[in-house]
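Trainee: pasting the structure only:
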């Protein structure tokens, strides 16, 4: 007979969970951050935080300023406008606004200053290298996984010249959107770099694309290959993307044992006037994921989906395929109510065999608030689940709680990558 446990035992479980969640160092498996040697590609500081695209789109819900006029402003002018609109003229209750305040508070700054100048002064007095160390400590990060695009002209030279300066806490990923989603443009760049490829896939094209993938996986020591995909992504498909995935990506993934990460569900530039802030979300077809996992059992797939409506199907799919690892609460799902819902569902359907969160941070400072907020939710959900176990008579042990949290925050990823 299942019985309630006493309050002392419940408090003990809560204490163990909170300690494990707060002390376990995290591998943040998907970010848009860069090691400091990538220069201006690494975004950090108050103006970058304030002008993040979440806040840009929120600001335009209040103002009538023409979009083009906003983009003509300097970064500091844009930040001043967003601060005035979202923090001074209205209370900053959205998750994006709250996140900035959480970050400032964790940095020891006065969150009620009501002006950006003291924050700007704070960041002017710091070097990027010391600030990276500070942020890693505040967020309790062991390492982060970058998003590395060899088709980006500002990034590629760093890899071509000398990767020895990459901070070892920053792991690489080979990002392939430019090739898979825009084949004609990607093909032209591959040609420039000496790969013998043709638009119609004639000649040595497929073999040369595979050579390119293996060259860059080795150059970067990429932990996985990744692409962001639209809601209508289909596979198999008679298209350049379908052919590249079938004949190039999947064979290389199997040969190199690197997972193929698919982030599915983004509708690009629904409002192009908002630029990066103009993307939206759509429900995708889970059949595509199931087909890939079933047809390519020797390929490991990391998958996150952007639509809330896809989450239950994705969990069920993960129950069926051990070569599928689901991860994170991506982009529009990175809100407390949805994180809470998703983590409960995943624990109930998958147990501990998933990766609960990633930051998707584009600005270094964001990892502070994203992990601060997510930790609290994950701890609360885990506490309830362990308490439910204890009510059956199962003895919850602190060392087992520590093991489980270590798996969720780091080891599940590394075990999957190295499998």
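Mentor: Thanks, I have it. Bear in mind that the values here come from a model prediction, so they are computed numbers and not experimental data. Residues are numbered from 1 along each chain as shown.
Trainee: only C-alpha atoms for contact and neighbour calcs from this point on.
Mentor: OK.
Trainee: Give me the local confidence score for the closest residue to residue 109 other than its chain neighbours.
Mentor: Closest residue in space to residue 109, ignoring its immediate chain neighbours: residue 119 at 7.6 Å, by Cα to Cα, 6 or more residues apart in numbering. We have a pLDDT of 98 for residue 119.
Trainee: do you know how far residue 119 is from residue 112?
Mentor: Distance, residue 119 to residue 112, by Cα to Cα, to the nearest Å: 11 Å.
Trainee: Out of these two, name the residue with the larger neighbour count.
Mentor: Ranked by neighbour count (other Cα atoms under 10 Å), residue 119 and residue 112 place residue 119 first, with 17 against 9.
Trainee: Help me confirm that that one comes into contact with residue 49.
Mentor: No. Contact criterion Cα atoms under 8 Å: residue 119 and residue 49 do not qualify, at 11.1 Å.
Trainee: which residues touch the closest residue to residue 29 other than its chain neighbours?
Mentor: Nearest in space to residue 29, with sequence neighbours left out and distances taken as Cα to Cα, 6+ apart, is residue 145 at 5.0 Å. Shown in contact with residue 145 (Cα atoms under 8 Å, 6 or more residues apart in numbering): 27-31, 33, 170-173.
Trainee: need the strands for the chain, in chain order.
Mentor: With DSSP state E as the criterion, the chain has strands at 26-28, 141-145, 170-171, 174-175, 225-229, 260-264, 266-267, 280-281, 301-305, 324-326.
Trainee: so which of those strands gets nearest residue 95?
Mentor: Taking Cα to Cα, strand 280-281 is the member of the strands of the chain nearest to residue 95, at 17.3 Å.
Trainee: Quick one: mean pLDDT over the closest one.
Mentor: Averaging pLDDT along strand 280-281 gives 98.
Trainee: can you check stretch 197-204 too?
Mentor: 97.
Trainee: Same question for stretch 382-401.
Mentor: 96.
Trainee: got a list of what the closest residue to residue 323 other than its chain neighbours touches?
Mentor: Leaving aside its chain neighbours, residue 323 sits nearest to residue 300 (4.8 Å; criterion: Cα to Cα, 6+ apart). Residues counted as contacts of residue 300 (Cα under 8 Å, 6+ apart) are 253-254, 257-260, 293, 323-325, 416.
Trainee: from those residues, which single one is nearest residue 5?
Mentor: Comparing the contacts of residue 300 against residue 5 with Cα to Cα picks out residue 325 as the nearest, at 33.8 Å.
Trainee: Am I right that that closest one is in contact with residue 355?
Mentor: Yes. Under the criterion of Cα under 8 Å, residue 325 makes contact with residue 355 at 7.4 Å.
Trainee: what stretches of the protein score poorly on pLDDT?
Mentor: 1-4 (pLDDT under 70).
Trainee: Next, name the residue at the spatial heart of it.
Mentor: Nearest to the geometric centre of the chain sits residue 360, at 2.9 Å (Cα atoms, centre = their mean).
Trainee: Can you tell me how far that residue is from residue 301?
Mentor: For residue 360, the distance to residue 301 equals 18 Å [Cα to Cα].
Trainee: Ok, residue 101 next?
Mentor: From residue 101 to residue 301 the distance is 36 Å (Cα to Cα).
Trainee: More neighbours: the two, which one.
Mentor: Comparing residue 101 with residue 301 by neighbour count (other Cα under 10 Å), the higher total belongs to residue 301, at 29 against 19.
Trainee: Contacts only, for that one.
Mentor: Counted by Cα under 8 Å, 6+ apart, residue 301 has contacts 259-262, 293, 323-325.
Trainee: could I get these as a markdown table with distance to residue 16 and neighbour count?
Mentor: Putting the contacts of residue 301 into a markdown table (distance: Cα to Cα, whole Å; neighbours: other Cα atoms under 10 Å) gives the following:
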| residue | distance to residue 16 | neighbour count |
| --- | --- | --- |
| 259 | 33 | 29 |
| 260 | 35 | 23 |
| 261 | 33 | 24 |
| 262 | 35 | 18 |
| 293 | 37 | 21 |
| 323 | 32 | 20 |
| 324 | 30 | 28 |
| 325 | 27 | 25 |
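Trainee: Farthest-apart pair in the residues you listed, please.
Mentor: The two members of the contacts of residue 301 with the most space between them (Cα to Cα) are 262 and 323, at 13.1 Å.
Trainee: tell me the contacts of the closest residue to residue 364 other than its chain neighbours?
Mentor: Distances taken as Cα to Cα, 6+ apart put residue 44 closest to residue 364, at 5.2 Å, once the chain neighbours are dropped. With contacts defined as Cα under 8 Å, 6+ apart, residue 44 is in contact with 128, 363-365.
Trainee: May I see those arranged in JSON lines, with distance to residue 197 and neighbour count as well?
Mentor: Output for those, formatted as JSON lines (distance: Cα to Cα, whole Å; neighbours: other Cα under 10 Å):
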{"residue": "128", "distance to residue 197": "40", "neighbour count": "20"}
{"residue": "363", "distance to residue 197": "36", "neighbour count": "22"}
{"residue": "364", "distance to residue 197": "37", "neighbour count": "22"}
{"residue": "365", "distance to residue 197": "40", "neighbour count": "28"}
